[in-house]
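Colleague: sequence plus predicted model, see below.
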Amino acid sequence: MTELNYLYGIEQFGDADQIVARQHIVKALGEQDVRIEVLATSVNPIDIKTRMGLGFVAAQKKANDFMGLGYDVYGRVTAVGSKVTGFTVDQYVIGMVGFAHHPGCYAQQVDAHCSEIIPLIQKENPAIAGLCLSGLTALQALQCVPADLDVPIYINAPTGGVGHLALQLAQLEGRKVVALTTRPNHELLARQDVEVMDYARFLSTRRAGQLLDLVGGDKAIELVDNLTAGSDVVTVPTISKEQLCEHAKRKQINAQGMVVTANCDDLNKLYRAYRSGKLTVHMDKQFALSEVADAHRYMQNGGHSGKVIILA
């Protein structure tokens with residue numbers, strides 16, 4: 001009997017209405033792959049940008065071809081490839097799968113290379129799906145910034161998926177963390193017991209230190225203009241990365257972009273912090289897999305905080 005898998009993605013770029021469900025025949029399992037029943041995934045900004053036709057992932061899509069969306073997976077192993085070790089059927093796993101050029105975790109099941117996932121100790125809250133791409137991005141972005149505990153690190157968009165995890169991770173490292181935000185009274189920031197600063201206050205005087213930029217564009221340039229020479233900037237949004245880095249370097253500010261990579265050591269580090277209670281994934285809202293389009297609309301409205309989770 002032919003096995004089918006429902007996968008959500010796009011054939012045409014555009015708004016959330018372009019998201020469609022397609023049935024695909026399940027292919028033979030690769031010898032180093034693990035087949036996962038998807039229990040939860042999450043929405044990341046790159047999913048929305050790709051759907052809209054923006055960024056380097058969208059650029060590879062051929063006209064009218066179907067492209068699945070989604071990179072995060074929390075699920076249960078249903079089969080393992082012939083050369084896979086360390087994973088067993090019925091084990092729970094998480095991972096960032098298919099990044100960047102093969103998204104497809106908005107699905108009932110997904111095949112992941114064994115190097116993209118880690119086993120979990122037990123069944124977890126579906127919010128853990130939000131630990132993968134966002135957590136890896138936060139951790140690896142911080143690794144790009146020297147751990148100078150004597151200067152502040154300003155993190156913008158601190159109530160977002162990457163931002164709220166980056167705040168916690170930076171605090172765990174003992175850094176002087178400042179949440180730079182348009183929502184200084186947000187309850188998520190109050191719960192994290194972190195110094196909060198709105199943009200007006202930040203711009204009221206020149207600042208020295210480090211900036212982890214999760215916003216990009218004109219706002220990031222405005223913030224960089226307010227930093228003193230010798231400061232450090234790491235920017236995550238890829239669309240404005242080159243412009244921002246060139247602008248910063250002209251002002252003698254150290255700047256670099258970063259793109260997240262699948263790394264099981266990093267993911268295990270995140271999971272240990274999660275299990276110990278030192279790192280919390282805030283689940284703002286959850287949607288069913290059939291409501292992926294609604295999840296995208298909700299995120300684009302700009303009022304969300306933490307992670308938007310999709311239950312498969």
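Modeller: Thanks, I have it.
Colleague: buried set for stretch 203-221?
Modeller: Arg207, Gly209, Gln210, Leu211, Leu212, Asp213, Leu214, Val215, Gly216, Ala220 (16 or more other Cβ atoms under 10 Å). In this view, the C-beta of every residue, glycine as well, is placed from N, C-alpha and C.
Colleague: backbone phi and psi for the first one, please?
Modeller: Main-chain torsions, Arg207, degrees, to the nearest 10: phi -120, psi 140.
Colleague: likewise the last one?
Modeller: Backbone geometry at Ala220, expressed as degrees, to the nearest 10, gives phi -60, psi -40.
Colleague: now do it against Lys307, distance only.
Modeller: 22 Å (Cβ to Cβ, to the nearest Å).
Colleague: need the pLDDT of Gly217.
Modeller: Note on Gly217: pLDDT of 95.
Colleague: what sits against it?
Modeller: Contacts here follow Cβ atoms under 8 Å, 6 or more residues apart in numbering; on that basis Gly217 touches Pro237, Ile239, Ser240.
Colleague: looking at it, the first one is touching Leu212, isn't it?
Modeller: No. Pro237 is beyond contact range of Leu212, at 11.7 Å (criterion: Cβ atoms under 8 Å).
Colleague: got the phi/psi numbers for Asp265?
Modeller: According to degrees, to the nearest 10, Asp265 has phi -60, psi -40.
Colleague: so where does Val38 fall, helix or strand?
Modeller: Taking DSSP states H and E as the criterion, Val38 maps to strand 33-42.
Colleague: give me the secondary structure label for Val292.
Modeller: Under DSSP: H, G, I helix; E, B strand; the rest coil, the three-state class of Val292 is helix.
Colleague: let me know the pLDDT of it.
Modeller: pLDDT at Val292 comes out at 98.
Colleague: distance of the residue nearest the centre of the chain from Met96?
Modeller: Centroid-nearest residue in the chain, with Cα atoms, centre = their mean: Ser134, separated by 2.6 Å. Using Cβ to Cβ, Ser134 is found at 9 Å from Met96.
Colleague: over to Pro119?
Modeller: Pro119 is 15 Å from Met96, where distance means Cβ to Cβ.
Colleague: one more: Lys307?
Modeller: For Lys307, the distance to Met96 - Cβ to Cβ - is 14 Å.
Colleague: right, and Ala147 touches Lys176 too?
Modeller: No. Using Cβ under 8 Å, Ala147 is not in contact with Lys176; the gap is 11.0 Å.
Colleague: tell me which of those two has more neighbours.
Modeller: Legend: neighbour count by other Cβ atoms under 10 Å for Ala147 and Lys176, higher for Lys176 (16 against 12).
Colleague: and Val162, how many neighbours?
Modeller: 25.
Colleague: quick one, what contacts Tyr71?
Modeller: Per Cβ under 8 Å, 6+ apart, neighbours of Tyr71: Asn44, Ile46, Asp47, Met96, Val97, Gly98, Phe99, Ala100, Pro103, Cys105, Cys132, Leu133.
Colleague: by neighbours, which of those residues wins?
Modeller: Neighbour-wise, the contacts of Tyr71 (other Cβ under 10 Å) top out at Cys105, 34 neighbours.
Colleague: for that residue, give its distance to Gly230.
Modeller: Following Cβ to Cβ, the distance that separates Cys105 from Gly230 is 41 Å.
Colleague: rewinding a little: mind checking which of the contacts of Tyr71 land in strands?
Modeller: With strands taken from DSSP state E, the overlap with the contacts of Tyr71 comprises Met96.
Colleague: inside helices: which ones of the contacts of Tyr71?
Modeller: Ile46, Asp47, Leu133 (DSSP state H).
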